[in-house]
Structure formats: structure tokens, C-alpha cells
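>>> sequence first, then the predicted structure, then my questions.
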Amino acid sequence: MTKTFRTAVAGVALFAAAGMGTAASAQVTEAADARAEVLAALQLTNDQALDFGSLIVNNGSTGGDVVVDATGARTCSGDVICGPLGAEQQALFTVTGAANTTVAISLEDVAANGTTLTHTGNVGSTAANHNIELVALTDSAAGGFASFSGNEQFGVGGTIQLDGTEIAGTYLGSFNVTVEYQ
């Protein structure tokens, strides 16, 4: 009987210990909401090309820089002479998307990418007198819109460097502009 009593007491103690362990790890559950907002995709349109206008490079020139700022104002320096006014203009872009957001503008690093304007009669030539280097770009929105209205236009200006050997004619090239939500 003592053995039976001990087994019963041990069983009750084991059952009580197991019950206390279960009560100590009781679970609590709480629900949380999930949310997502889909923004309208940004659209970017190039409304106007960047144009440096007419330039004069005299024989024996040492070259120089031409800047068209993001508002369309042009300056020439070094041994490059600005020709008649009228054709120079900044590039214009329109971006549309979700209002009340922040939109960043990224301009191609044209200096690092070796972006050139090439003489239209000598496309593909690597000769210095057939190419003009596009070395910098700036935008009128200072890198973006902190309070984007949903439809904004901005200007992009640039700087070209001439080495003084360029031949007469038209030079063309391109650069990339990227916009994204922040």
C-alpha cells in the first residue's frame, strides 16, 4: 500500500507540475491591419532639346566652354565666340505622376560617360575635329520636387567643351534624365 500511495502522490505531483507549465505559457493573439498604396507610374516627356546655338571657332583657336544654363541663358568662354542669339535653349521635360509625393531627378554623369556631340556629316568618327564633349548637366528643379504637384516641368542645361579644332557643321548627341519617387 505504501508503494501504491507513493506512486499516486508522484502522479499527482507530476500532473500538477505539467498543468502549471501549461498555464505559464498561455498564448495571446492580436490582429494587425495590412495596407498598400499603388502610385501612378511616373511619366517623363522631353518637350524641347538642349541647343547650344551658333558658335564661332576661329582658325588656330585654343577652344573653350559654352554653357546653356537650366533657364536657357548662354555664355561662351575661352577662345569660343557665341554666335547670333536665338537658337540656344535649355532642354525641357515634363513629369507627371501621383501628387503630394517627392520626386527625384537624376541627370546622366556625362563627364564620366564620355558623352559627345558628333558632326552629322562624320557620324562614327573619333577624330577630335568631329566631336564636341558634353561635360556637365544641371537642372532647374535642384534635383527634384519635395512637394510634387502631379505635373511639373523642369529645364536642363549643360556645358560643352570645344578644343578649337572643330569643323563647321551641326553636332548632335544625347543624354539621359531619370525621375523616381523618393
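Looks like it arrived, so ask away. For clarity, every value in this text was computed on a predicted model and none was experimentally measured.
>>> grab the nearest non-local neighbour of the most centrally placed residue in the chain.
The chain has S106 as the residue nearest its centroid, 2.5 Å off, counting by CA atoms, centre = their mean. Sequence neighbours aside, T178 is the residue nearest to S106 in space, at 4.3 Å (criterion: CB to CB, 6 or more residues apart in numbering). Where you see a C-beta, it was placed from the backbone N, CA and C, and this is true even at glycine.
>>> which helix or which strand is home to the one you found?
T178 belongs to strand 177-181 when assigned by DSSP states H and E.
>>> now do A112
Using DSSP H and E, the element containing A112 is helix 110-113.
>>> next one: E152
Here E152 is covered by strand 151-162, with elements defined by DSSP H and E.
>>> and that strand, how far out from the chain's middle?
On the basis of CA atoms, centre = their mean, to the nearest Å, strand 151-162 is displaced by 14 Å from the centre of the chain it belongs to.
>>> hmm, back to that, please list the residues outside the helix holding A112 that contact it.
The list of residues contacting helix 110-113 from outside it, by CB atoms under 8 Å, 6 or more residues apart in numbering, reads 134-137, 158, 175.
>>> please state the offset of the helix or strand just after it from the chain centre?
Heading C-terminal from helix 110-113, the first helix or strand you meet, by DSSP H and E, is strand 116-119. Put simply, strand 116-119 sits 24 Å off its chain's centre (CA atoms, centre = their mean).
>>> what's the answer for stretch 173-182, then?
Its chain's C-alpha centre and that of stretch 173-182 lie 5 Å apart, by CA atoms, centre = their mean.
>>> that stretch: which residues count as buried?
Of the residues in stretch 173-182, 173, 175, 177, 179 count as buried by neighbour count, 16 or more other CB atoms under 10 Å.
>>> now, the most widely separated pair of those residues?
The most widely separated members of the buried residues of stretch 173-182 are G173 and V179, with 21.0 Å between them, by CB to CB.
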